[in-house]
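S.K.: structural data only, the sequence is not supplied:
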Ligand SMILES: O=P(O)(O)O[C@H]1[C@H](O)[C@@H](O)[C@H](O)[C@H](O)[C@@H]1OP(=O)(O)O
């Protein structure tokens, strides 16, 4: 077989899809026997007795792993180990793993090439997947020592699955040492054997014993097919690190993208279109208005229709991306991809350490949810929304000011009406159906349902807002007089004596009209309750006369019956039930229709005020908020799904889920300088808006496992599907569809050179306020958690972790005005993990700073929870950053294997956020 130049082939971590891989020109190859969804082959490497080309040179070795597929002639560079310095017998901590999807067979050949690295800052055989990019030539920074190759079958069939191969020079002649390839299986006990490994600290040695406790399934293998439908294109890396008692722990790092990146935005945009079309229709149905308001309505409708068209265009564009699951950092500013989160991944660390249970640690990494296309010249949502509200409050005569709470309330009531009216109509028909069957039980049941829904309906209008909006609309009708200016009134002011002028407080400015009959609405509204009472009374009578001993459980709402109705009931002995109930049901529907029509119009009029007073800013702001929210929600749904699947077998988690909900903690690394201020302002609102989301778990009835979103801008429900077996095992509350809450919190600490500028010459108040506000939210969650979770769980919990102490520590750190105080994000992350929460890490692109942070978090967990040998902390960190999933993330985003940092930036970073030499530099981002 001819071996081609290495530079000509592509980086192998992004492999062919399986179907393609099996098309091997008709030739059959032998698959490696594998456990479903587990990597097919994993091995580690060590060299012995390496011969230096120059005497007395201390070797710094790296092994490059390449693959030759059976049908192909060329080499594909697959991965590399880390560089081990100063030894002829290097033992590599970075292993090799071939994920389940990788087209590898027993016939596949693997080539191991050993290099001596002379200049780490230039050590890079290939930094790019594009052949002719500006990479240094292969020989820069390193020199070839020797190579060996083997077929996968040879390794698998070898004694103890271990090969010891001679390393030869390129002409194949001279032996320059040996390389050992040893198959590993996460969780399997290996033969006791000791070895030595050079640590970072010169001269220190560490005896290593291959010994592991029995494996324990942490990944919930039975639900993997389900997760595979959501998480795609995994990149896997394998490491082994020594523990403080000189044993091995194994770590598998995995990074996957998700089709939810595109699916959630599409779902949301469809929902917005529906909501906006419905609002536009309601605006049209507002009825006759005086010329002033009618003109405004026309203007609003023109803009709103344009907006809907725009959302439709975006949806069409996105729908073309069928099956996409990744938006790269370089596409941040693309208009058609605005709703899609940037560089969203599940970053998972699976730890198998001696004497401890296997553990999984998940972080969702994603670019800060922000409106990159709209830009940040005028700031982000936090500032823009505030400014918008202030301006609106101060607009003069032409509009009526309703506070954001009241506008939201109007939307909520409108949505409740739209949901409840058809529901009530259905229950009323079911009642008639039961009546025609003369079935007392079914009649009682139908009545119960009808009563419940009608009560909800009546309750929905209890708000003072409906009353005041009715009056406002009355004055806006032709002939209605709009008092000048609409005088602000609150409840307190209503009690002011007539002769005293009302206080001019710029709160809701609701007009008055002396001809207006305020009680009319009360009558119309009360009629619904009354007509329900009539039905209840009639059902009671019918059942009683039919021989039933008990009265109907529906019960009159206020205990008294309408006298006229009671008469009509007594005058019909043993009649046809349907005939008796039918007119009453009709009356209920009519009364309801009257209420709906009045309330809908009045509340739509409230919405008209918001839109009319600040066109087109209002719509642009809504768009910005929708964009940011969509990106945030896509991440949240990923986080929720993965958390649910990994914790499904933990009853405490499930109880926590339906009792107090989940904390969702976002770590932000944005600086409070220049554009990133705007990003942070967007991100803060996007994350806070996630409070409007509730999850509901439903049983999957088909192969379509993707979540479904219902609701509207103020309140969304995400339905997450589970296969029957898993669904059945859930607690009753969850199965019954209880809404599951999330509690998002954001802590931000800027770490780069821009933050240095902000701290020296700028303003860090945004970061400070965000951290303060979110600390209060976190504390609230903790308090509820302690109050609502059962005492035995809490005591077990407290034994393990001093959460209170961690919270206090976090609080002190937030208050201390310390520069780049990364302790804040570390503590917040620790608290989140201890509270069983969902973790997120974000920077602008989730590529560079995020990569530094998640790798640091992973190694800190290994040190704090899994006894990583202290001398190996930095080395583990460097391994993960040099050859781990995150450098693949960089490659995937910008087609170049370099973190986009320069020396100046690195100097500004807090300790431990700096990548190893040779992995960073100028990159086209
Ligand atoms: O992933 P990020 O940390 O947001 O990437 C930044 C990087 O930190 C910075 O040094 C570099 O100059 C670029 O601005 C990166 O952002 P891109 O969005 O351009 O990848």
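M.R.: Okay, I see it. Not measured: the values here are computed from a predicted model.
S.K.: hey, let's count contacts and neighbours off CA atoms from now on
M.R.: Noted.
S.K.: where does this structure have its least confident helix or strand?
M.R.: helix 491-494 (a mean of 32; mean pLDDT, DSSP states H and E).
S.K.: now the residue nearest the centre of the chain: phi and psi?
M.R.: Central residue of the chain (C-alpha atoms, centre = their mean): residue 636, 1.7 Å from the mean position. When quoted as degrees, to the nearest 10, the phi and psi of residue 636 stand at phi -60, psi -40.
S.K.: excluding residues flanking it in the chain, which one is nearest residue 746?
M.R.: The shortest distance from residue 746 to any non-neighbouring residue, by C-alpha to C-alpha, 6 or more residues apart in numbering, is to residue 666 (4.6 Å).
S.K.: per-residue confidence for the one you found?
M.R.: According to the prediction, residue 666 has pLDDT 98.
S.K.: then residue 568?
M.R.: For residue 568, pLDDT reads 47.
S.K.: and the helix or strand that residue 361 is a member of, what does it pack onto?
M.R.: Using DSSP states H and E, the element containing residue 361 is strand 359-365. Strand 359-365 sits against strand 345-352, helix 617-647, strand 838-842, with contacts defined as 3 or more C-alpha pairs under 8 Å, 6 or more residues apart in numbering; DSSP states H and E.
S.K.: which residues touch that strand?
M.R.: 218-219, 343-352, 635, 638-639, 838-842, 846, 850, 854 (C-alpha atoms under 8 Å, 6 or more residues apart in numbering).
S.K.: at 7 Å what do you get?
M.R.: With C-alpha atoms under 7 Å, 6 or more residues apart in numbering as the test, strand 359-365 has contacts from 218, 344-352, 639, 839-842, 846.
S.K.: following element in sequence after it, please.
M.R.: Next helix or strand after strand 359-365 toward the C-terminus (DSSP H and E): helix 381-393.
S.K.: report the buried residues of that following helix.
M.R.: 381, 382, 384, 385, 388, 389, 392, 393 (16 or more other C-alpha atoms under 10 Å).
S.K.: which elements pack onto it?
M.R.: Applying 3 or more C-alpha pairs under 7 Å, 6 or more residues apart in numbering; DSSP states H and E, we find helix 381-393 packed against helix 675-689.
S.K.: what packs against the helix or strand following the helix it packs on?
M.R.: Next in sequence after helix 675-689, counting helices and strands by DSSP H and E, comes strand 693-699. With contacts taken as 3+ C-alpha pairs under 7 Å, 6+ apart, strand 693-699 sits against strand 715-722, strand 740-748.
S.K.: surely residue 340 touches residue 261?
M.R.: Yes: using C-alpha atoms under 7 Å, residue 340 is in contact with residue 261, at 5.9 Å.
S.K.: tell me which element residue 852 falls in.
M.R.: With DSSP H and E as the test, residue 852 turns up in helix 849-866.
S.K.: kindly report the same for residue 601.
M.R.: For residue 601, the element it lies in under DSSP H and E is helix 577-613.
S.K.: can you tell me what sits against whichever strand or helix holds residue 907?
M.R.: Here residue 907, judged by DSSP H and E, is contained in helix 903-908. With contacts defined as C-alpha under 7 Å, 6+ apart, helix 903-908 is touched by 752, 753, 756, 914.
S.K.: and the furthest pair within those?
M.R.: 756 and 914 (15.6 Å; C-alpha to C-alpha).
S.K.: so the two - more neighbours on which side?
M.R.: residue 914 (24 against 20; other C-alpha atoms under 10 Å).
S.K.: mind listing what the more buried one touches?
M.R.: Counting by C-alpha under 7 Å, 6+ apart, residue 914 has contacts residue 906.
S.K.: what about it, distance to residue 315?
M.R.: Going from residue 914 to residue 315 by C-alpha to C-alpha, to the nearest Å gives 40 Å.
S.K.: and residue 391, by the same measure?
M.R.: 32 Å.
S.K.: rewinding a little: report how many residues lie close to the residue nearest to residue 746.
M.R.: Other residues close to residue 666 by other C-alpha under 10 Å number 27.
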